[in-house]
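> Sequence first, then the predicted structure:
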Amino acid sequence: MTRIANIDKSSVDRKSSPYSSVDSERYSSLVKSVMSSRVSSQTPETLQAEDDHIYGPVVKAQTPTRPEVREPKTLHPFLNCEETVDTEEPESGLPARISLNRGQGRSFVPSVTRILQQTLSPEQIFYLERWKRRMIAELGEEGFKEHSQNLFRQGKLLHSALEDILTSGAAWKDRDPSETPEYPPEVRGYLESISHVLEDVSAVRAIESTVQHGTLNYLGIVDCVARYRGVLCVIDWKTSDKPKPFLSNTYDNPVQVAAYAGALNNDGNYKYQVENGLIVVAYKDGSPAHAHQLSSEVMLEYWKTWLLRLEEFTEKRASHASSTLPENR
DNA sequence: GGATCCTTCTTCTTCTTC
């Protein structure tokens, strides 16, 4: 950067020369080209190449995947057509909380989180690993471990506080979020951050409740099902150190929400359908949380993405199983 | 009672200029 500054300076210094105006034109395009070459030298591809050099090639990169719009092989319906509107349950009762109870038989039902984690794009894996390497370089192995556990702990604390608030149905509007002695101090900033969103949440129908798709083989636990500004939504609470003002900042979160909603809509334990979603990103310093609403149209798009990820996961498992089978014999 | 599961988070190039 200092080099470019020097170039600029030298062009200014030669202002009196007859070339002055032409030169500065040249310099500006030169600077531009230098800048653009700098940019291209920093692309994920070259970083990936560097990464390959250090860590060996990424297996996934061998498949000539095309990032163009892919469609799932089978477009399973997001909504369950058999469920009708007249099965509306009263919204006044206690929210449902179906606890996870797996291990009926030996059938393995993978979770939404597991499937998303195992179908990350090579690019996502690359940036996550690079982030991890940098953090370890900065904090050390132990420090990084502690940092990660701290992030998880904050998320868990917020979830249990919200669980408490939404279950008790306490009039949150009348409370000062900064004065909540019953919640740990670490969570108060998040609660303050999220309080303006909670004012728009009503008719809570489910909290931390298991959803399992009746035909597609997956399950998960929804944070919350409630009305947000009158619209019934699957809601996902998130804590974040970095601001996430746009939906695109939330990575796979919308896919996660669509997966939960699709499972709920096709789970006999729930007698209603949820077409919309909401991702709420809360901040520790108390600054207003970002609430990203997912319309039914948007949810359908993410449902397709989810089906793709699910297909990928299933194929991967199948090929993995067949490749490891001979060893087991 | 112990082990396992689900979930809790983490990514996006950089730093131009006044």
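All right, it came through fine.

> Going by C-alpha atoms from here, please, whenever you check contacts or count neighbours.
Noted.

> Contacts only, for the closest residue to DNA strand B within the stretch 51-200 of chain A.
The stretch 51-200 of chain A approaches DNA strand B most closely through A:G155 (3.3 Å), counting by C-alpha to the nearest atom of the strand. By C-alpha atoms under 8 Å, 6 or more residues apart in numbering, the residues touching A:G155 are A:238-239.

> State the helix or strand in which it lies.
helix A:122-168 (DSSP states H and E).

> can you list the weak-confidence ranges in the stretch 51-200 of chain A?
A:51-68, A:83-92, A:103-106, A:169-181 (pLDDT under 70).

> Flag every residue of it that's near DNA strand B.
Residues of the stretch 51-200 of chain A lying close to DNA strand B (C-alpha under 7 Å from any atom of the strand) are A:100, A:109-114, A:117, A:123-125, A:127-128, A:131, A:148, A:151-156, A:159.

> Of those, just the buried ones, PyMOL syntax please.
Typed into PyMOL, the line below selects the buried ones among those, using 16 or more other C-alpha atoms under 10 Å:
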select buried, chain A and resi 110+111+112+154+155+159
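
> can you count the residues close to A:A203?
Look at A:A203: counted by other C-alpha atoms under 10 Å, it has 20 neighbours.

> Now do the helix or strand hosting A:V234 against helix A:122-168, angle only.
A:V234 is part of strand A:231-239 when elements are defined by DSSP H and E. Relative orientation of strand A:231-239 and helix A:122-168, computed by axes from the mean of the first three to the mean of the last three C-alpha atoms, to 10 degrees: 110 degrees.

> who's in contact with strand A:231-239?
A:154-155, A:158-159, A:190, A:222-227, A:257, A:260-261, A:274-284.

> Show me these that map onto helices.
A:154-155, A:158-159, A:190, A:257, A:260-261 (DSSP state H).

> Chain A: helices as residue ranges?
A:2-13, A:20-40, A:44-55, A:112-118, A:122-168, A:185-198, A:253-265, A:296-328.

> tell me the contacts of A:N265?
A:78-80, A:213, A:272-274.

> Now it. Nearest residue, chain neighbours left out?
A:Q273 (5.1 Å; C-alpha to C-alpha, 6 or more residues apart in numbering).

> For burial, what's the neighbour tally of the one you found?
A:Q273: 23 neighbours (other C-alpha under 10 Å).

> Stretch A:251-261 and DNA strand B, any residue contact?
Yes: using C-alpha under 7 Å from any atom of the strand, stretch A:251-261 reaches DNA strand B at A:251-252.

> Which residues does that stretch contact?
Here stretch A:251-261 makes contact (C-alpha under 8 Å, 6+ apart) with A:78, A:112-113, A:116, A:211, A:219-222, A:234-236, A:247, A:274-279, A:294, A:299-300, A:302-303, A:305-306.

> These, buried ones only, as a ChimeraX selection?
Of these, the buried ones go into a single ChimeraX selection, burial set by 16+ other C-alpha under 10 Å:
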select /A:78,112,116,211,219,220,221,222,234,235,236,247,274,275,276,277,278,279,294,299,300,302,303,305,306
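
> Would you mind finding the longest strand in chain A?
Using DSSP state E, we find that the single longest strand of chain A is strand A:201-212.

> hmm, who's touching it?
With contacts defined as C-alpha under 8 Å, 6+ apart, strand A:201-212 is touched by A:91-100, A:163, A:166-167, A:218-230, A:260, A:263-264, A:266-267.

> Just the buried subset of these, please.
So, by 16+ other C-alpha under 10 Å, the buried ones in the contacts of strand A:201-212 are A:94-96, A:163, A:166-167, A:218-228, A:260, A:263-264, A:266-267.

> Strands - which of the residues you listed land there?
A:219-228.

> so which of those residues are also by DNA strand B?
A:219-223.

> picking up where we left off before, how about the ones in strands among the buried ones among the contacts of strand A:201-212 in TSV, adding pLDDT and distance to A:K242?
Formatted as TSV, these follow (pLDDT from 0 to 100; distance: C-alpha to C-alpha, whole Å):
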residue	pLDDT	distance to A:K242
A:L219	96	29
A:G220	97	26
A:I221	97	25
A:V222	97	23
A:D223	97	21
A:C224	97	23
A:V225	97	26
A:A226	96	26
A:R227	96	27
A:Y228	97	24
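
> could I get those residues as JSON lines with distance to A:A289?
Formatted as JSON lines, these follow (distance: C-alpha to C-alpha, whole Å):
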{"residue": "A:L219", "distance to A:A289": "28"}
{"residue": "A:G220", "distance to A:A289": "24"}
{"residue": "A:I221", "distance to A:A289": "22"}
{"residue": "A:V222", "distance to A:A289": "19"}
{"residue": "A:D223", "distance to A:A289": "17"}
{"residue": "A:C224", "distance to A:A289": "17"}
{"residue": "A:V225", "distance to A:A289": "18"}
{"residue": "A:A226", "distance to A:A289": "18"}
{"residue": "A:R227", "distance to A:A289": "17"}
{"residue": "A:Y228", "distance to A:A289": "14"}
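
> Right, I'll call it a day here.
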